[in-house]
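Peer 1: Need a 3D model of the following:
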Amino acid sequence: MKKICGFLILLCCWSCENAPRVDEDNIPKLISSICFVPSSYYGSSYQDFANLREIETLQGTSGRFIAEIQINGSRVPNDYTSDYVKNFIWRIEDKSYITSSLSYAFPDTGVFPVILQTIDYFDDTLSDTLTLYVTTPISVSPISPVNGFNQFNALDSSGMIFEVKTDGVASWQNVQCSLYLSMEKNALWDFPYDSIPCNGTYQIKGPFFVGDSNYLADTSFAFFWGVVAKVPDSDYTFDADTSEIQTFYTALVGTEFSHILVPVRYRSLSPGQSPAGKAILQKENGDTIAIHTFSQNPSTIQFSDISIEGNLQITVFDSLLWEYSPVQKSFAISPSTYNILDTLTLLDTIPPICAPILRRIAKSDSLVFSLFDAGSGVSSKSILVQLSGDTLSRTIRKDVLQIFPTCDNECDLFISLRDYAGNLSVPILWKIESLGDSLFLSGPFNPEEL
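Peer 2: The predicted structure follows:
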């Protein structure tokens, strides 16, 4: 109340006969303004938003409207605003709210004026307006040429037509789109090629290749392209978008044959394992066109001079590492094309197993288990051996596990294995029984059934 009294006395002095002798600079000046803080903001202070009169936010985003009060340019803490202000009245979307702060969400897009009326103890009314632009994220999508298009005639003077679609553009926004084009994927985003329509087409005249056309008889060039859409002078992340990288390839010239490249990899294959892979190319009816073998991981399989067009199928498998499941892919090819398929990945989904070489040993001897995994291979670091709950040291040589158990009566032996693909063996429990100068091994058992 002392602050109010002081405020009243000073104003009364200013209105009396001696008013001209009161310095205008000493009159308290009350300013009320709107501050909108998005709910996603986690900063230490919301003062970064205090001076903004126009704010853009995403559809559905909630935020808090705060009445910011200043006396002579100094901010009044929220706990003391009631010393100067009698009422705060907010008007949003034809509704009124009487409060100093307000949480609000905008489910629809559009332009929304937010009005704050501040009434002091002299019934004077101050007004402030903040305009909120509620929008959706900019999203740019390449339409044409479709990703992987491989029938581009690099000698044609008509060149290539690019088509782009951009969504999320509000009526008040002016979005600019830039085309990026390169024959080097890593350098694609270094420099834009040109500005293009954000919704429409753009043509680059040809030819794209100048030189001996015979060079294109068995060689295809890849072109990488993408689009960046951005609202100029906006720092909002949702006002910009970058497309996925797209690729198109030149068609083969002077031949009806086609080539097929198939990248293949084994996931999580042990460095010591050698693949014995086989790839079979077949017609849609199952007739075999060609067979290739490979022994490297990863590998790229090439089927050259394919005279058949239409729907084909390729099957990739390993004749030795049978825990890697076969992979099949169906696709279609056209004449005079260079076809690069997506990488085919062979997966090992079967856990390793172990088996004892002998079930009866002398107490001074070791128990030996054979480790088996016809896939990625057993990870020696993952092998856990426990004897009656205590971790037991073990020796591993290639696919053999050796342990030296000490058991005076009956003991539980637990062994856990994991392969390089991450497959964990089922819980394996063995029983060791001491009889005379020998140890007898029985099992394996399922621990849950004991």
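Peer 1: Does residue 422 touch residue 268 like I think?
Peer 2: Yes - assessed by C-beta atoms under 8 Å, residue 422 is found in contact with residue 268 at 6.7 Å. Glycine gets a C-beta too; all of them are placed from N, C-alpha and C.
Peer 1: what is residue 288 paired to in the beta sheet?
Peer 2: Beta bridges link residue 288 to residue 282, judged by DSSP bridges.
Peer 1: That one contacts residue 278, doesn't it?
Peer 2: No - using C-beta under 8 Å, residue 288 is not in contact with residue 278, being 11.6 Å away.
Peer 1: quick one, which of the two is more surrounded?
Peer 2: Neighbour totals were compared for residue 288 and residue 278, and residue 278 leads with 16 against 10 (other C-beta atoms under 10 Å).
Peer 1: and the gap between that one and residue 317?
Peer 2: Counting by C-beta to C-beta, to the nearest Å, the separation of residue 278 from residue 317 is 6 Å.
Peer 1: Same question for residue 405.
Peer 2: If you go by C-beta to C-beta, the gap between residue 405 and residue 317 works out to 40 Å.
Peer 1: Who has more neighbours out of these two?
Peer 2: Ranked by neighbour count (other C-beta under 10 Å), residue 405 and residue 317 place residue 405 first, with 20 against 17.
Peer 1: So that one sits against residue 365, correct?
Peer 2: No - the pair residue 405 / residue 365 is not scored as a contact, 10.0 Å apart, by C-beta under 8 Å.
Peer 1: Tell me which residues touch residue 141, please.
Peer 2: Neighbouring residues of residue 141 by C-beta atoms under 8 Å, 6 or more residues apart in numbering: 164, 165, 166, 167, 243.
Peer 1: Apply 7 Å and report the result again.
Peer 2: By C-beta atoms under 7 Å, 6 or more residues apart in numbering, the contact set of residue 141 is 165, 243.
Peer 1: tell me the SS of it?
Peer 2: Taking DSSP: H, G, I helix; E, B strand; the rest coil as the rule, one finds residue 141 in the strand state.
Peer 1: Specify the beta-bridge partners of it.
Peer 2: For residue 141, the beta-bridge partners under DSSP bridges are residue 165.
Peer 1: Check what pLDDT it gets.
Peer 2: Looking at residue 141, its pLDDT is 98.
Peer 1: Break the protein down into its structural domains.
Peer 2: By the assignment in automatic domain parsing, the chain contains the domains 26-133, 139-250, 258-346, 353-449.
Peer 1: Distance check, residue 367 against residue 380.
Peer 2: Distance from residue 367 to residue 380, counting by C-beta to C-beta: 17 Å.
Peer 1: Residue 246 now?
Peer 2: 44 Å.
Peer 1: higher neighbour count, those two?
Peer 2: residue 246 (22 against 16).
Peer 1: Test my guess that the more buried one contacts residue 227.
Peer 2: No - counting by C-beta atoms under 7 Å, residue 246 stays clear of residue 227, with 8.7 Å between them.
Peer 1: Need the overlap of contacts for the two.
Peer 2: Residues touching both residue 246 and residue 227 (C-beta under 7 Å, 6+ apart): residue 142.
Peer 1: Surely residue 87 is in a helix?
Peer 2: No - read with three-state DSSP, residue 87 is strand and lies in no helix.
Peer 1: Number of residues surrounding residue 29?
Peer 2: 10.
Peer 1: pLDDT score for it?
Peer 2: At residue 29, the model reports a pLDDT of 82.
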